[in-house]
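In: following is a predicted model, sequence given first.
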Amino acid sequence: MGDFIRYLFTTKNDLTLAAVESAFKAIDDAFSIFADPATDNSGDLIYGSEIYGELEINQRGDQVFDEDIDDLGDQLPEIEGGEGKPAVEKALAATTGMIALQLTEAGHEHYKQIDAFWDWLFSTYPGLLQIDEEGYYSQDDQILVVD
């Protein structure tokens with residue numbers, strides 16, 4: 001697996017795996033999510049017959065969510081400069097849930113097909129996009145660079 005991308009919701013959300021799949025299908029009907037039978041919040045993101053990544057929806061209070069938010073917060077003091085750091089700190093404190101996507105090589109190669117999903121999230125739910133080893137993004141700009 002490759003890069004982790006997280007959408008951090010800063011207000012309540014009611015997203016389910018089925019709703020996320022519907023959003024992807026609205027972008028391109030070739031998308032589907034093969035749900036993990038052991039959970040109701042994760043599955044493989046598939047385009048045609050290729051697996052683009054593993055997707056998981058977590059809410060505040062879930063162990064994975066709490067660990068991810070703690071890890072992201074622990075990284076902030078190490079980031080040099082960055083006018084957007086206060087906005088990211090505020091967003092992490094307000095985050096109510098997240099969608100985490102770990103890309104496969106195929107997902108990384110065809111990222112433009114996935115990118116429209118983040119645009120949909122931004123237009124539907126307030127939040128920030130976090131990409132490991134890259135930074136944090138608002139709907140319009142990168143607000144904090146992470147090296």
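Out: Ah, there it is.
In: which element follows the top strand by length along the chain toward the C-terminus?
Out: Identified as the longest strand of the chain according to DSSP state E is strand 50-59. Proceeding N to C from strand 50-59, the next assigned helix or strand is helix 63-75, under DSSP states H and E.
In: all strands for the protein, in order.
Out: Along the chain, counting by DSSP E, strands occupy 4-9, 31-35, 42-47, 50-59, 97-103, 127-131, 135-137, 142-145.
In: before we move on, the earlier item: what does the longest strand of the chain rub up against?
Out: 1-2, 15-17, 20, 33, 41-46, 64-65, 68, 96-104, 106-107, 110, 113-114 (Cβ atoms under 8 Å, 6 or more residues apart in numbering). For the C-beta atoms, the positions are set from N, CA and C on the backbone; glycine is no exception.
In: give the contact list for the closest residue to Leu129 other than its chain neighbours.
Out: Spatial nearest neighbour of Leu129, chain neighbours left out: Tyr137 (4.3 Å); criterion: Cβ to Cβ, 6 or more residues apart in numbering. Applying Cβ under 8 Å, 6+ apart, one finds that Tyr137 lies in contact with Leu128, Leu129, Gln130, Ile131, Ile143.
In: for the last one, give me the pLDDT.
Out: We note a pLDDT of 94 for Ile143 in this prediction.
In: and what of Met1?
Out: For Met1, the predicted pLDDT is 41.
In: repeat that for Trp120.
Out: 95.
In: how about it, nearest residue that isn't a chain neighbour?
Out: Closest to Trp120 by Cβ to Cβ, 6+ apart is Ala23, at 5.4 Å.
In: could you do Phe65 as well?
Out: According to Cβ to Cβ, 6+ apart, the nearest residue to Phe65 is Asn58 (3.8 Å).
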